[in-house]
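One predicted model, sequence on top.
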Amino acid sequence: MQLNLQKPLLFFDIESTGLSIPVNSIIELSFVKVFPGGEERIKTWKIKPWDYERGCQRPIEPGASAVNGVTDDMLVDCPTFFELAEEIASWISGSDLAGFNSQKFDLPMLAEEFERVALAGKPLDIDLHAPLMVDVQNIFHAMEPRNLKAAYRFYCGGEDFENAHTAEADTIATYKVLQAQLDRYPDQLKNDVKQLSSFTNRRVVDFSGHLVYNDAGEAVINFGKHKGKTARQVFETEESYFDWIRQGSFDLDTKRQFEKLREKFKLEKLALKWQS
């Protein structure tokens, strides 16, 4: 089924040096950009993973290399994410997003790389929280719980796809799986990105889910000693907790969202002071 789109939908997948977002980097990034009317554009980058603190190439963990088949020497002459950031941002601009398990890993990792670029002196006008996000894995798990390879086999004719665990092959497979899901579940799934996004979205403030929204739309802490408390409650009783987050080994996006909340609460507190 051809996707019913009001704006471009950008399918994406990454391969990385490892699975810990704060300490790993993207080594391969692939986009399949689908436009209203069905036009498709594909772009894949091989990326030299860069350690900004040490000023050198970040090594690929052996376990990651065993899965994605990429070794350190393959990336020596590739551009860094810092060098590619503007081009990558231009592909994302004006699009909604789609991927397979992207909400839990690919999207947070992509956001982390943009945050690193900003800290290194190249802030870009890009907000990955703004686009709608369709996570095809969440649809699959709701309907037929398995993984991408099994999803492709189940929805797309019974055969495995070639080059699994390369970013481009995984991205194209994800696009085909979503099309097949729309054909298979016409009563449950509407061919509309907004509905698909709401079907699959987690109600998270930061991509890692350390902050989530409650039914009242308030940011609630989702881990540790303050789990279940609103961020506002913690700000009012223990503002130093926000300093602990800022200094800790959390994703840069998590730190940014806590700081945005703190600034919001401070401004509201100041406004109340001036009113009284």
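Sure, I can see it.

For this structure, which segments count as helices?
Per DSSP state H, the chain carries helices over the ranges 62-68, 81-92, 107-119, 136-143, 148-155, 167-184, 193-200, 231-237, 240-247, 252-275.

residues in contact with the first one?
It stands for helix 62-68. E15, S16, T17, G18, L19, N24, I27, E28, V70, T71, H165, T166 (C-beta atoms under 8 Å, 6 or more residues apart in numbering). (Glycine included, C-beta is placed from N, CA and C.)

mind listing what the residue nearest to the spatial centre of the chain touches?
The chain has L107 as the residue nearest its centroid, 0.8 Å off, counting by C-alpha atoms, centre = their mean. L107 makes contacts with L97, G99, L128, M133, F207, as judged by C-beta under 8 Å, 6+ apart.

Save the helices of the chain as JSON lines, and put in distance to Q2 and mean pLDDT too.
Formatted as JSON lines, the helices of the chain follow (distance: least, C-beta to C-beta, whole Å; pLDDT from 0 to 100):
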{"stretch": "helix 62-68", "distance to Q2": "31", "mean pLDDT": "91"}
{"stretch": "helix 81-92", "distance to Q2": "21", "mean pLDDT": "98"}
{"stretch": "helix 107-119", "distance to Q2": "25", "mean pLDDT": "97"}
{"stretch": "helix 136-143", "distance to Q2": "16", "mean pLDDT": "87"}
{"stretch": "helix 148-155", "distance to Q2": "16", "mean pLDDT": "85"}
{"stretch": "helix 167-184", "distance to Q2": "7", "mean pLDDT": "94"}
{"stretch": "helix 193-200", "distance to Q2": "13", "mean pLDDT": "87"}
{"stretch": "helix 231-237", "distance to Q2": "42", "mean pLDDT": "96"}
{"stretch": "helix 240-247", "distance to Q2": "44", "mean pLDDT": "96"}
{"stretch": "helix 252-275", "distance to Q2": "33", "mean pLDDT": "92"}
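
Save these as CSV, and put in distance to P8 too.
Putting those into CSV (distance: least, C-beta to C-beta, whole Å) gives the following:
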stretch, distance to P8
helix 62-68, 27
helix 81-92, 9
helix 107-119, 17
helix 136-143, 17
helix 148-155, 22
helix 167-184, 12
helix 193-200, 10
helix 231-237, 33
helix 240-247, 35
helix 252-275, 23
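
And those: which comes nearest I42?
helix 167-184 (6.9 Å; C-beta to C-beta).

Leaving out chain neighbours, which residue sits closest to A118?
Spatial nearest neighbour of A118, chain neighbours left out: L124 (7.0 Å); criterion: C-beta to C-beta, 6 or more residues apart in numbering.

The closest residue to A167 other than its chain neighbours bridge partners, please.
Using C-beta to C-beta, 6+ apart and skipping the chain neighbours, the partner closest in space to A167 is S30 (3.7 Å). Counting by DSSP bridges, S30 forms beta bridges with D13, T44.

Counting neighbours, what do you get for S30?
S30 has 21 neighbours, counted by other C-beta atoms under 10 Å.

picking up where we left off before, nearest to W45, out of the helices of the chain?
The nearest among these, by C-beta to C-beta, is helix 81-92 at 5.8 Å.

chain center to that closest one: distance?
15 Å (C-alpha atoms, centre = their mean, to the nearest Å).

Need the residues that contact it.
10, 25-26, 29, 31, 33, 43, 45, 47, 49-50, 113-114, 116-117, 120, 122, 124-126, 128, 131.

Just put the contacts of helix 62-68 in TSV and tack on neighbour count and distance to K176.
TSV is the format used below for the contacts of helix 62-68 (neighbours: other C-beta atoms under 10 Å; distance: C-beta to C-beta, whole Å):
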residue	neighbour count	distance to K176
E15	24	19
S16	27	23
T17	23	28
G18	18	28
L19	13	25
N24	18	28
I27	28	24
E28	24	19
V70	21	24
T71	12	29
H165	16	16
T166	18	15
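
from these, which single one is nearest H226?
L19 (25.8 Å).

can you list the domains in the protein?
Following automatic domain parsing, one gets these domains for the chain: 9-200, 211-275.

just those: most buried one?
domain 9-200 (a mean of 18; mean count of other C-beta atoms under 10 Å).
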